[in-house]
Structure formats: C-alpha cells, structure tokens
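>>> One predicted model, sequence on top.
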Amino acid sequence: MSFYRNLSIRQKQVVWAWAFLAVPILFYSVIRFYPTLNAIILSFQSWNLLGPREWVGAENYIKLWHDPVFWKVFRNTFVYLILGTPISLVLSFVIAYQLDKTRLLHGTLRALYFLPFLTSTVAMAWVWRWFYQPVPIGLFNNFLASLGFAQVNFLNSTTNALPAILLPAIWAGLGFQIIIFMAGLRAIPTSYYEAARIDGVSGWTIMSEITLPLLKPTIVFLVVFSSIGFLRIFDQVFNMTTNNPGGPLDSTKPLVLMIYQTAFSSFDMGYAAAQTVVLFAILLVVSLAQLRILRDKP
Amino acid sequence: MKTFKTLTCAAATSLAALVASGPAWAVEIEYWQYIFDARVTAMDQLIENFEVANPGITVKQSTFPYADYRTKVAAAIPAGEGPDVVQLFYGWLNDYVEADLIQPLPEDRFPVEQIEADFFPMVRAMKIDGAYMALPTAVRSLALFYNKRMFKNAGFEAPPANLDELVEMAAAMTQKDGAGNITAEGFTSGMTAQDHHWLREVLLRQFGGVPYSDDNKTVTYNDAAGVAALKFYTDLEQKHGVTSSTFMDEPQAAFKAGRAAMHIDGSFRIGALKDTRGLDWGVAELPAGPDGSKSNYASYWVNAITSKAEGEKFEASVKFMEYITSDEAMQIWLDTVGELPAKPSAAMTEANLADPVFGPFVAGLGYAQTTVFVDESGQRQVLVDAVSRMFLEGQSAEDALAAAAKAEQAILDGYYNK
C-alpha cells in the first residue's frame, strides 16, 4: 500500500487507467484473442469434435486451394460485396439527401425506412423466401401469372438466386445507413451552403465540392461497416435456402455458410478453421485497404 | 415443546435408519438424449418402469438441444462427466467408436447371434470388428402418404402398387392452370427431403443396382441401373410433369396443405400430419419396382454404453440397455413416440401390421436397407446437386450420376483413408 502512496499523481492516474483497462483487456483476451489463436492453430490440425486433434501441417490449406467449391464461394462472397456495398450506399445516400430536404411527414418516413433494420433477419428472410416461391403461394409469381406472364425462377436458379437474396439484405440495411447519412448531412455547417448560394454556384458543384467531401468520414465508416457486413453475410442466405443451403449448386453460398457447413454438418473442424482464417485475412485486408484509400486527403 | 423435540428426534432417527437401510449398492447412472418432447416422455416412462424392476438403480435423464448435443457429449465423456448410456444417430457411430467414447456391449449379455436373430437386419450396421457397439429401441422407415380426398375425386380406390401406377395416377391427379403452372401435384418431390433415401436405397435397387459395395467404402451406383433410376426420378418432373421440386417450398408442406396427392416420407411425419384439420390421408407401402421388387430405407437412433461407465455403473448400464431394447420398451416407444420397434417380434405383431397408419411402415421394415453414411448431409448434397445440374444446367442423367459418384467417392475416401 505504501508503494501506491509514494506514487506521483501522474503515476496514480496511470495505475487507475490500467486498472479500468484491465477488465476489457481480460475480457477480450479470454473471449476474442484466445479463441482466435486457437482457431489459427486448429487450422493446421484435423479434428472431428470427438477424437483428439492431430497435426496435419498445411493440408487444410492445400485442400482449400484445390477445392472448386471454395473458389465458387469465394467469388460469391465478393459478388455480395461488390454489388451490395455500392448499391446500398448510393440508394441510402439518395434517400437520405431527399429525406433531409423533406419536411412533410419527415419523422414517419424516416421511421418507415428504419423499420426493416429493426426486424429480425430470420423472419424477414422467410417472408421474402415465400414472396419468391412459384405459384400458387409466391406473391411475385402469382402477380406475374395473373398478368399472363411466365413465372420467374427466383430462388431455384443459378443466376437469379444470388441477386434475389441480396435484395432483401440491402433493403434491411438501408435504414441504418440512411440515419447515419442524415446525421452526416446535418453536421455540415449551413454557412457553407449559404456562401455557395451567394456565389451563385450550381447544385452539382455544391454536391461535389461541399457535400460529398465533407461527408467523407461518414462514407468511410459506412463503406467499411457495410463491406464487413456483406463479406459476413449468412442469415439471409441460410434462411432463404435452408432446404439446400447455399444452393442451388452453391450459387448463393457465401464463405461463412461454407464454414458453418464444414464445421457443423461435416464436423471437419480443422478444415473449417482454415476457411475461417482465410475469411479473417480477407476482412483484414479489405478493411485496411478501404481505410487507407478513403482516408487520404483529397 | 418437549414433545416437539422428541418428535423431531424420532423423525431424524427414523430418517437416518431409512437412508441406512437402503441398499448399500445403490447406484445412479446418467442417460443423455436430445430434446424431443415425445422421446423425453417415453424415456421417463421407461426409466420409471426400470427403476421399479431394479431397486437400487436410479437413472437420471439429461436432455440437450439437438444443435449442442454432439459437442456436449464429446466434451463430457473424456472428462469423466456425462452419460453412462447415451443416445446417438446411427450414422455417428464410427466417429464415437474411433474417439473411444463408447464401449462394446458385453458378449455374454448381448450375444451376437441373439442380436442378429432378434433384431431387423439393418441393425448389423452397428457391428464393428465382430462386436455390437450399440442397439436401437426404435427405427423409422419410409412409406407413401396419400390424400384420400384427391384419390376419391379422381376415382382411385387403392394407392399405387408399382412405379408405373404411381406415374399414371399422379398424372391423373395433377392440376395445372391455364399457363401450365402446377397448382396441385400428383406426387411430391424434393431431393432435399426424403427423396435421396428413396433414390439411393429404393429406386436404385428396384432398377437392378446396388448403391455401395459390401464394405460400404465404394460407390457402386454409377452404372446403367443407376442411370435408369435417376432418369425415372427426374422424368417425374421433366417428362411427365406430375411434380415440381420447388412446389410450395417443401414437399411435406404441399402434402399437408392438401395440394399434393402422394408424398413419400418417414414415420416421423405421422405426428405432424395427425392433427391437420381437413386433411384426410392414408399410408401405403412404397410402390414396387419394375420387376416387382420392394425396398425401403430405415434409419434409427441407437443407445450405447459410454467408456465412462465402469464397475457397478457398467453393470447397471448393461441392465438398463437390456430393458430399453426389450419388446416391452419398444411397444411403449411406439405408442408414445410413433417410432417403430427395432425387433420383428415387437414390430410385426398382428395389431401393428393391421394398423392402418403404422402397418405399411412396419411392413416396409421387413425389407428395409440402411445406408452407412459417413457424412449424411454431404452425401445428400451430392444427389441434390446431381438433380440440380440436370434441371438447371441441362446435364444428362449419365453425366450427372457420374459426377455424383465421383464426388461421393471422394467423401468416402476422405473418411476411410484418414
């Protein structure tokens, strides 16, 4: 105790800071870092959950490299990202920009856009799954059929299924992005706009010279956040294709679903861990790259 | 006050005497299964009966959600915790044996010849290196569910006896709208449901093929018989148009909603259909093949003694195993859960065979086959994908089956050549 008494105020502050920091550090070590390290070790082992773990070297990674399903899944994961992130960002920006100017029913409209974000993903995925069914139970196909058009195979198609699943995923995330964009728009001082108007600048110039540059921190946050979300997509895909998860013919399967199946249907934990490490690396690289590109001063 | 003291003292003494007079060899064993209400209720009743017949042994039942079950068992037994007797899916047996989680049933109490004489032949999949590792209380088989109202409207009296009749009758009962979209199916289909079992163990054999080699390590269905069986199955949708695999999302949903005339499913579906209002359904044996041959697929959950049970707990576990594989236990299981007895002596009783619902399932058990899966969902996926390639990418049955056989062989090799 005398040791503590002899410390300077500055040193005492440091001790207290560490005392408080120790709790989250301990928590993260046990809940995050230990399992992460363990998963990395497991990716070099073979384990079926029951027997002992056995070292197999890089075999899991070699298997992954030669697994055609993995490359298909890899491609799907990036299609979700490359379509999902820009579309959802552009849509949410346009909506937020217009909503920001609307005074009539502003609160109601904002609530309506936010509502899907509050809905359980599982419930939403199932409702959309039923929307997409063929006649006689599918809403969209019943509508098409009643107008005399041919049915569209939404989910049972290797080309349509992925966009069909992506659509509700984008829609569900829109509300959150709109709110963040609106907060960003509100944070831009109105004096800039007033000055621009006095100078007689065109609307497009205001957008490209004032609004977008000043929204950059918001955009960086949303791009990183939504990219991670689309790279980790699982709930929508799994729930909309439970009969044939990630199907048909793996055309909708994202990496997380492949990991889940390898681990908990095939009980090949080592192989699943190797896939997890790859996903971890992808997320890390994509996030770092985005932060770097988008943070550069213009 | 004094009387109260005396009374308390007397009560305490008698209680102590009661505890002491209990059998000195009282032993408690633990039983684990996953949570499924009817199964838990049935097991509670079996435990009660067993404890009455075996004073001194108590059985504690613990249940876990299906999703956590395997992980819990795997973590508990090596740690010396967990069950003495455990229930597991027959397809998991190899993994459990390899991990030394379960021990063979003692030969003196469960003689191999006796088991093979008493149980249905499919139970032989539980024999490893000449010893039985586990035994089921109940088994499940497939049968044809049919919608009596749709049959009556179409003028049919009896369910189809063979595959030709199945196609003919399904065609007569399929309804389509003006654009040719199916609005009611003659027959349900869905590789993701029970159809992969029907194709693998029933159709394939009826067309003259054999799905696997005797040691179950080699895929043998990539031949003319296999192609004929797959072609028959896919023709139902592609040529005859009596079914659609995507109709109403799931085949069982279509049947339950009264939008399908015929549906192949397992005995576990009985419970879900029993209380469906407005649905008048019957059950028939699976249609016979072109040569008149019958086949069926059976699956089951087994009970096994874990490697944790030793000494008197092992002795108690053996006694418990003997009881839960007895005819009496099997009948209780049938009445409570609706799953069929695993012994012909308990299953093929006149009452069971004459039962309009259980009868066809019980009859099917007599000629049922069991697939020795190493990764059931992986092996199912192989056939799901084969059919998808034919439907969505126009692949021929020959190519689809060849690719399926190759993919499934890779799964088997990955397991057996570890």
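Now that the structure is in, tell me what you want to look at.
>>> Point out the residues in chain B that sit beside chain A.
Contacts of chain B with chain A, taken as C-beta under 8 Å from any C-beta of the partner chain, map to B:67, B:70-71, B:74, B:95-96, B:98-101, B:177, B:179, B:181-183, B:190-193, B:244-250, B:259, B:375, B:377-378, B:381, B:384-385, B:388-389, B:391-393, B:418. C-betas here are computed from N, CA, C, even on glycine.
>>> Can I have the buried ones of the residues you listed as a ChimeraX selection?
Buried subset of the residues of chain B next to chain A, written as a ChimeraX selection, criterion 16 or more other C-beta atoms under 10 Å in any protein chain shown:
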select /B:70,74,95,96,99,101,181,182,190,191,192,193,244,245,246,247,248,249,250,259,375,378,381,384,385,388,389,391,392
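>>> Out of the residues of chain B next to chain A, list just those in helices.
Cross-referencing these against helices under DSSP state H gives B:67, B:70-71, B:74, B:95-96, B:98, B:377-378, B:381, B:384-385, B:388-389, B:391-393.
>>> low pLDDT regions in the stretch 1-150 of chain A?
A:1 (pLDDT under 70).
>>> Strands of the chain, residue ranges please.
This is for chain A. A:45-46, A:54-55 (DSSP state E).
>>> wrong chain, I was asking about chain B
Using DSSP E, strands in chain B cover B:27-34, B:57-64, B:85-89, B:102-103, B:127-128, B:131-132, B:135-147, B:175-176, B:182-184, B:262-266, B:281-284, B:296-306, B:340-341, B:368-369.
>>> hey, which of the ones you listed is tucked in deepest?
Neighbour counts (mean count of other C-beta atoms under 10 Å in any protein chain shown) averaged over each of the strands of chain B peak at strand B:340-341, with a mean of 28.
>>> Give me the mean pLDDT for that one.
Averaged over strand B:340-341, pLDDT sits at 89.
>>> who does that strand touch, helix- and strand-wise?
Counting by 3 or more C-beta pairs under 8 Å, 6 or more residues apart in numbering or on different chains; DSSP states H and E, the packing neighbours recorded for strand B:340-341 are strand B:135-147, helix B:327-337, helix B:358-365.
>>> Adjacent strands (with direction) for it?
strand B:135-147 (antiparallel) (DSSP bridges).
>>> what's the offset of the strand it pairs with from the middle of its chain?
Centre-to-centre, strand B:135-147 and its host chain are 7 Å apart (C-alpha atoms, centre = their mean, to the nearest Å).
>>> Only alpha carbons, please: show it as CSV.
The C-alpha coordinates for strand B:135-147 follow below in CSV (Å, rounded to 0.1, in the frame of the first residue of the first chain):
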residue,chain,number,x,y,z
LEU,B,135,-28.6,-51.0,-30.3
PRO,B,136,-31.8,-49.1,-31.2
THR,B,137,-35.1,-49.1,-29.4
ALA,B,138,-36.9,-47.8,-32.4
VAL,B,139,-36.4,-47.5,-36.1
ARG,B,140,-38.0,-45.3,-38.8
SER,B,141,-38.9,-46.3,-42.3
LEU,B,142,-40.5,-44.7,-45.4
ALA,B,143,-44.0,-45.1,-46.8
LEU,B,144,-46.3,-43.4,-49.3
PHE,B,145,-48.7,-40.9,-47.8
TYR,B,146,-51.7,-40.3,-50.0
ASN,B,147,-54.5,-37.8,-49.9
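>>> report the angle between the axes of it and strand B:296-306?
Counting by axes from the mean of the first three to the mean of the last three C-alpha atoms, to 10 degrees, strand B:135-147 points 150 degrees away from the direction of strand B:296-306.
>>> what sits against residue B:172?
Under the criterion of C-beta atoms under 8 Å, 6 or more residues apart in numbering or on different chains, the neighbours of residue B:172 are B:154, B:156, B:186.
>>> what about 10 Å?
Neighbour list for residue B:172: B:150-151, B:153-156, B:186, B:242, B:261 [criterion: C-beta atoms under 10 Å, 6 or more residues apart in numbering or on different chains].
>>> check contacts around residue A:235.
Taking C-beta under 10 Å, 6+ apart, one finds A:120-122, A:124-125, A:169, A:172, A:256-257 in contact with residue A:235.
>>> Take the helices and strands packed on strand B:340-341 and lay them out in JSON lines including distance to residue A:269.
Listed next are those as JSON lines, based on distance: least, C-beta to C-beta, whole Å:
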{"stretch": "strand B:135-147", "distance to residue A:269": "28"}
{"stretch": "helix B:327-337", "distance to residue A:269": "32"}
{"stretch": "helix B:358-365", "distance to residue A:269": "36"}
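>>> circling back to that earlier point, okay if I get the strands of chain A as a markdown table plus distance to chain B?
Formatted as a markdown table, the strands of chain A follow (distance: least, C-beta to the nearest C-beta, whole Å):
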| stretch | distance to chain B |
| --- | --- |
| strand A:45-46 | 8 |
| strand A:54-55 | 9 |
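>>> Identify, out of the ones you listed, the most deeply packed stretch.
Of the strands of chain A, strand A:45-46 is the most buried (mean count of other C-beta under 10 Å), at a mean of 18.
>>> In the stretch 51-200 of chain A, which residue sits nearest chain B?
residue A:51 (3.9 Å; C-beta to the nearest C-beta).
>>> so what's the residue lying closest to that residue once chain neighbours are set aside up against?
Among residues not flanking residue A:51 along the chain, residue B:99 sits closest, at 3.9 Å (C-beta to C-beta, 6 or more residues apart in numbering or on different chains). If you count contacts by C-beta under 10 Å, 6+ apart, residue B:99 has them with A:48-52, B:73-74, B:77-78, B:307.
>>> list the contacts for the closest residue to residue B:179 other than its chain neighbours?
Once flanking residues are discounted, residue B:179 sits nearest to residue A:145: 6.2 Å by C-beta to C-beta, 6+ apart. Contact analysis of residue A:145 by C-beta under 10 Å, 6+ apart lists A:134-136, A:138, A:151, B:177-179, B:181, B:183.
>>> quick one, what contacts the residue of the stretch 251-400 of chain B found nearest chain A?
Nearest residue of the stretch 251-400 of chain B to chain A (C-beta to the nearest C-beta) works out as residue B:377 at 4.1 Å. With contact set as C-beta under 10 Å, 6+ apart, residue B:377 has these partners: A:245, A:261, A:264-266, B:91, B:384.
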